[in-house]
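In: generate coordinates for the sequence data below:
(chains A and B)
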There are 2 protein chains.
Amino acid sequence: MRIVFIGAGRLASNLAPALQASGAEVVEVWSRTRASAETLAAQLGCRAVWGCVDDVCTTADLYLLSVTDAVLPQVVARLHSHREQALFAHTAGSMPLTLFPEAGHARGAVFYPMQTFSKGRSVDFRQVHFFVETAFEDDYRSLDALAQQLSPHVHRSTSASRRRLHLAAVFACNFVNHCCTLADDLLHDGDLDFSVMQPLLEETVAKLRQMPPAEAQTGPAVRRDDNVMGMQRAMLADRPDVQRLYTLLSESIQQYNI
Amino acid sequence: MRIVFIGAGRLASNLAPALQASGAEVVEVWSRTRASAETLAAQLGCRAVWGCVDDVCTTADLYLLSVTDAVLPQVVARLHSHREQALFAHTAGSMPLTLFPEAGHARGAVFYPMQTFSKGRSVDFRQVHFFVETAFEDDYRSLDALAQQLSPHVHRSTSASRRRLHLAAVFACNFVNHCCTLADDLLHDGDLDFSVMQPLLEETVAKLRQMPPAEAQTGPAVRRDDNVMGMQRAMLADRPDVQRLYTLLSESIQQYNI
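Out: Residues are numbered from 1 along each chain as shown, chains lettered A, B, ... in the order given. Okay, here's the model as predicted:
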């Protein structure tokens, strides 16, 4: 299976080398900008293409699209011409499978690795859950096999289920991370560094291997400690937005732990 | 150093066995209820006392108080009589050192292990950060040495700094956990289990060993993906409180990542 990567962002920069290491043949990387395309292509030892997608090779079996959601339909429509028979798969959490036929390309699929990708950090794909969705049964088998080369956690999904999963991931990843940003900010006001939080944070997450999060809850809100909560709200008086979040999150904890 | 535990809750049930295993002499456990006192005392092979704190032995060197914040001053005042010279230390994140003199006991201290303790899960104290605060220098040396037997992460703290730390811990532990409760709830509406989130969650936290949380942020809010955010808000229409949290957390992410 000859694979072309359309997009060379953080997801592609993690996924392409992992697929190549597992035996897949990555023949080309396209990016809007030359620097991104060349950086990833050099790492893979394949051809770099940039600028217009028309210049991408027409002979690959699979075009893996990891571009911004907003431009995905246009890229599909543009790429379709001369690649009518190829399999196109996008890697986005919230974009439906139907975007392919809507953009005029019948053979579409989704190949969604549910993970957070940051620069300078390489992801261990054996731990990643993949969600695969295809218009045709044969394509499902191909993409399932491709994902299985990287991870034992491969799921067949629907667009509705994946959309729900992506929403849950925003809470379990992006909002979790933002709570840490707020903690970090509070510590910086004093003489403390966020690294003191790391063991607490890791235990918070490790507990969830063993018990559901509602049961794992601790702290002033769940034990209805109005004294501590009042004091903590007062400490946030100079940050009204964070104070509001403190109040709403505490109330929400109490609603979920009656 | 002969230690008495006042309180036999989740914190004491983790801390007392760890201290004993490190060579400390735990001579007695007191709890309001007989069952709690006897359970922990049996585990430690020491005497159990319940009901009135007057019945607690008067000959210990250190009384470690891990009772509800609200009753802590009363317990100190009551325990003081016949134990005027003993060292009292509480384990609470947000209670000031001054509560001891205010309750009539001069020799007070704080021995705060910043961790989340749940039933049926035993904490590895080597990873726990301890924050020690005392009224007298000699007591500082004793409690510092006691904490060092359990963990290399022992800090000398002030009440103001510890209060700030505890507030940050509410964000990095309790609110992080609640974001997971909300994710869990969203998944349960479909056919998905929270365990699919665990690798994502662990990577989210592991990244923070390497980069500050503001820099680690990913997802629709930080990349200003109004399309996905609008869709996700619409998916939460039947949960107005969660929808409000989604909006405020997304706005807050954008404020912190300009």
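In: CA only for contacts and neighbour counts going forward, please
Out: Will do.
In: quick one, strands of the stretch 101-250 of chain A?
Out: A:108-114, A:129-134, A:154-156 (DSSP state E, counting those that start in this stretch).
In: the first one pairs with which strands?
Out: Yep, that's strand A:108-114 we're talking about. strand A:87-90 (parallel), strand A:129-134 (antiparallel) (DSSP bridges).
In: I'd like the distance from the shortest one to the chain centre, please.
Out: When C-alpha coordinates are averaged (Cα atoms, centre = their mean, to the nearest Å), strand A:87-90 and its chain have centres 17 Å apart.
In: do the same with stretch A:143-163
Out: 13 Å.
In: which outside residues touch that stretch?
Out: For stretch A:143-163, contacts defined as Cα atoms under 8 Å, 6 or more residues apart in numbering or on different chains pick out A:18-19, A:22, A:24, A:93-97, A:111, A:125-133, B:190-191.
In: okay, now the domains of chain A?
Out: Partitioning chain A according to automatic domain parsing yields domains covering residues A:2-157, A:163-256.
In: what's the mean pLDDT across the longest one?
Out: Across domain A:2-157, the average pLDDT comes to 96.
In: wait, doesn't A:Trp186 sit right on B:Ala169?
Out: Actually, residue A:186 is Leu. It isn't Trp. No - assessed by Cα atoms under 8 Å, A:Leu186 is found out of contact with B:Ala169, at 9.8 Å.
In: the more surrounded of those two?
Out: Neighbour totals were compared for A:Leu186 and B:Ala169, and B:Ala169 leads with 28 against 21 (other Cα atoms under 10 Å in any protein chain shown).
In: and the strands paired with strand A:108-114: which comes nearest B:Gln255?
Out: Across the strands paired with strand A:108-114, B:Gln255 has its closest neighbour in strand A:87-90 (29.7 Å, Cα to Cα).
In: could I get the full set of helices for the stretch 151-258 of chain A?
Out: Here the stretch 151-258 of chain A has its helices, by DSSP state H, counting those that start in this stretch, at A:159-169, A:176-188, A:198-206, A:213-216, A:226-235, A:240-256.
In: mind putting the ones you listed into TSV with distance to A:Leu11?
Out: Formatted as TSV, these follow (distance: least, Cα to Cα, whole Å):
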stretch	distance to A:Leu11
helix A:159-169	15
helix A:176-188	18
helix A:198-206	24
helix A:213-216	28
helix A:226-235	39
helix A:240-256	31
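In: so which of these is nearest A:Val4?
Out: Closest approach to A:Val4 among the helices of the stretch 151-258 of chain A (Cα to Cα): helix A:159-169, 23.5 Å.
In: what residues sit buried inside that closest one?
Out: A:Ser159, A:Ser161, A:Arg162, A:Arg163, A:Arg164, A:Leu165, A:His166, A:Leu167, A:Ala168, A:Ala169 (16 or more other Cα atoms under 10 Å in any protein chain shown).
In: what about the nearest residue to A:Val176 once chain neighbours are set aside, how many neighbours?
Out: Closest residue in space to A:Val176, ignoring its immediate chain neighbours: B:Val176 at 4.8 Å, by Cα to Cα, 6 or more residues apart in numbering or on different chains. Look at B:Val176: counted by other Cα under 10 Å, it has 27 neighbours.
In: then A:Asn174?
Out: 27.
In: that one reaches B:Ala216, doesn't it?
Out: No - the pair A:Asn174 / B:Ala216 is not scored as a contact, 9.1 Å apart, by Cα under 8 Å.
In: can the domains of chain A go into a markdown table with extra columns for distance to B:Ala77?
Out: Below are the domains of chain A laid out as a markdown table (distance: least, Cα to Cα, whole Å):
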| stretch | distance to B:Ala77 |
| --- | --- |
| domain A:2-157 | 51 |
| domain A:163-256 | 19 |
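In: ok so, going back, tell me the confidence at the residue nearest to A:Val176?
Out: Note on B:Val176: pLDDT of 98.
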